[in-house]
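Undergrad: What follows is a predicted protein model with its sequence.
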Amino acid sequence: MTHTSMKILVLNAGSSSLKYQLFEFPEKKVLVSGLIEKIGEPIGRVKHMLHESGGAIIQEMAVSDHQVALENIALLLLEGEKAVVKNPEEIQAVGHRVVHGGEKFSAPTLIDSEEMLNDLRKLSYLAPLHNPANITGIEVAKKVFPNARQVAIFDTAFHQTLPDYVYRYAVPNELYTEHGFRAYGFHGTSHQYVTREGARFLGVDPTQFNAISIHLGNGCSMTAIQNGKSIDTSMGLTPLGGLIMGSRPGDFDPSLILFLGKTLKMDFDQIDDLLNKKSGLKGLTGENDLREILNRYHNNEAQAQLAIQMYIYRIRKYIGAYAVVLGRVDAVIFTAGVGENSAFIREGVCTDLEILGIKLDTKLNSADSKETREIQQADSLIKLLVVPTNEELEIANETERLLTSIR
């Protein structure tokens, strides 16, 4: 199939931020990328990077809402001497990251009706911190780029291959059948991208590739991948479970919620705030920047040392569980901000895993590189990979695939 030229704008809308990249296909060339932060605050920050010329535009200004943010992006793309497109019609497609697709959306989906948007709105209760911002991004993009085709790419879609005995919870059936109470999993775009990239790097058939993918950023998750498909993942109904994260606790005894409500008299909003914004590394150390926590760790601060021990231990426990689930593991993949950049965390995770045939090469692990690379010893039975993730590129790829298939 021949791929015609297409400019695809990728939007990744958070509750108070908007990341974007403009790609030119079929070359997959990045024309611009950027980030607008602190939307809704008195002073926001706009960072717009020009990849062809290598220049950048950085502004501090009030950005009242996502519509103003996207209008700013349009101005940066279209106007002035550094414009990269002459008119909005040059952008044929906008690919949107949508965090939660529930069971209804298991693949990239063309947003071509108000009914489809209403279906997305109904799922917002499953991801109240993320989906409303994603939907706002779609609504605004339709106004700013009215001729572009809008495509939703779901974080949960890659995990739709989970078997029912993995995604179901042992609670009354009607909670699943009537309310969709099950594990969905997240970071699917990242896990999918690094799985394909890892298989390509090793020269193996992605449909025969077994891997454990470890996404470590402010949000953290792990996925067991069998024959290129997700068969288990650490996050569940929401992005709260699994590994210890920047401000989220990961796995804990759910009776804690009863204690918070009954004994400490906290209401649901307070409990939600505590678990989503004040727990994890932040709850243990007072902050969620792992780099600063590691500085405190090396200065022998007790709380930082405990937090790092807990963080690493949880990852190691999931590696053991997923190795059993998979039976054969071809590679363990580290990705995202911490996974790609912290040799210390990778070493802590991989030390004393000879029982699984894992042997880390500390020299390769500590090498300064931004490329996909192997970091295991020559006689390690399992490959250890560092694969830089690129969620925006994966969203663009999926958008282009969908539009090419229905053209």
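TA: All right, it came through fine.

Undergrad: can you pull the pLDDT of the residue of the chain positioned farthest from its centre?
TA: If you look at how far each residue of the chain sits from its centre, by Cα atoms, centre = their mean, the farthest one is residue 263, at 35.2 Å. Residue 263 is assigned a pLDDT of 97 by the prediction.

Undergrad: Report the separation between it and residue 256.
TA: The gap separating residue 263 from residue 256 is 10 Å, by Cβ to Cβ, to the nearest Å. Every C-beta, even on glycine, is put in place using the N, C-alpha and C of the backbone.

Undergrad: same thing with residue 78?
TA: Taken as Cβ to Cβ, the span from residue 78 to residue 256 is 50 Å.

Undergrad: which strands and helices sit next to the lengthiest helix in the chain?
TA: Determined from DSSP state H, the single longest helix within the chain is helix 302-326. In terms of contacts (3 or more Cβ pairs under 8 Å, 6 or more residues apart in numbering; DSSP states H and E), helix 302-326 is packed against strand 211-216, strand 220-226, strand 229-233, helix 280-285, helix 290-298, helix 343-350.

Undergrad: how close does the most centrally placed residue in the chain sit to residue 108?
TA: Geometric centre of the chain, nearest residue: residue 187, 3.6 Å, by Cα atoms, centre = their mean. Plainly put, residue 187 is 16 Å away from residue 108 if you go by Cβ to Cβ.

Undergrad: repeat for residue 377
TA: Distance from residue 377 to residue 108, by Cβ to Cβ: 39 Å.

Undergrad: The two: which is more packed in?
TA: residue 108 (22 against 14; other Cβ atoms under 10 Å).

Undergrad: Surely the more buried one touches residue 151?
TA: Yes: counting by Cβ atoms under 8 Å, residue 151 is a contact partner of residue 108 at 5.8 Å.

Undergrad: Can you work out which residues contact both of the two?
TA: 398-399, 402 (Cβ atoms under 8 Å, 6 or more residues apart in numbering).

Undergrad: Could you pull out the strands in the stretch 51-200 of the chain for me?
TA: 56-61, 91-98, 109-110, 149-154 (DSSP state E, counting those that start in this stretch).

Undergrad: Kindly provide the whole-number mean pLDDT of the second one.
TA: Per-residue confidence for strand 91-98 averages out to 94 on the pLDDT scale.

Undergrad: any idea how far it is from the chain center?
TA: Here the centre of strand 91-98 is set off from its chain's centre by 17 Å, with Cα atoms, centre = their mean, to the nearest Å.

Undergrad: Packing partners of that strand?
TA: strand 6-13, helix 131-144, strand 149-154, helix 391-406.

Undergrad: Show the low-confidence segments of the stretch 51-200 of the chain, by residue range.
TA: 80-81 (pLDDT under 70).

Undergrad: count of residues packed around the residue nearest to residue 180 when sequence neighbours are not counted?
TA: The spatially closest residue to residue 180, leaving aside those adjacent along the chain, is residue 102, at 5.8 Å (Cβ to Cβ, 6 or more residues apart in numbering). When counting by other Cβ under 10 Å, one arrives at 19 neighbours for residue 102.

Undergrad: now do the one 10 residues further on
TA: Using other Cβ under 10 Å, residue 112 is surrounded by 11 other residues.

Undergrad: do residue 367 as well
TA: 13.

Undergrad: show me what contacts it?
TA: Neighbours of residue 367 in contact, by Cβ under 8 Å, 6+ apart: 373, 375.

Undergrad: Could you shift the numbering so residue one becomes 402, and keep it that way?
TA: Sure, I'll start counting at 402 from here, so that last one is residue 768.

Undergrad: Give me the distance between residue 701 and residue 709.
TA: 12 Å.

Undergrad: Counting neighbours, go ahead and name the busier of those two.
TA: With neighbours defined as other Cβ under 10 Å, residue 701 and residue 709 compare such that residue 709 has more, 23 against 8.

Undergrad: show me the contacts for the more buried one.
TA: 694-695, 698, 746, 749.

Undergrad: which one of those residues sits closest to residue 672?
TA: Residue 672 lies nearest to residue 694 out of those, by Cβ to Cβ, at 24.6 Å.

Undergrad: correct me, but that closest one touches residue 682?
TA: Yes: Residue 694 lies in contact with residue 682 (Cβ under 8 Å); the separation is 6.0 Å.

Undergrad: Now the common contact residues for those two.
TA: Jointly contacting residue 694 and residue 682 under the rule Cβ under 8 Å, 6+ apart are 688, 708.

Undergrad: Show me which of these two is the more surrounded one.
TA: Shown here are residue 694 and residue 682; by other Cβ under 10 Å, residue 682 has more neighbours (26 against 23).

Undergrad: could you dump stretch 563-578 to CSV, C-alpha only?
TA: Listed next in CSV are the C-alpha coordinates belonging to stretch 563-578 (Å, rounded to 0.1, in the frame of the first residue of the first chain):
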residue,chain,number,x,y,z
LEU,A,563,-5.8,-9.5,28.7
PRO,A,564,-7.6,-12.8,29.4
ASP,A,565,-10.7,-12.6,31.5
TYR,A,566,-9.1,-14.5,34.4
VAL,A,567,-6.6,-11.7,34.6
TYR,A,568,-8.8,-8.6,34.2
ARG,A,569,-11.7,-9.7,36.4
TYR,A,570,-11.8,-8.9,40.1
ALA,A,571,-13.2,-11.4,42.7
VAL,A,572,-16.2,-9.2,43.6
PRO,A,573,-19.9,-9.6,42.8
ASN,A,574,-20.5,-10.2,39.1
GLU,A,575,-22.9,-7.3,38.7
LEU,A,576,-20.1,-4.8,39.5
TYR,A,577,-18.5,-6.0,36.2
THR,A,578,-21.6,-6.6,34.1
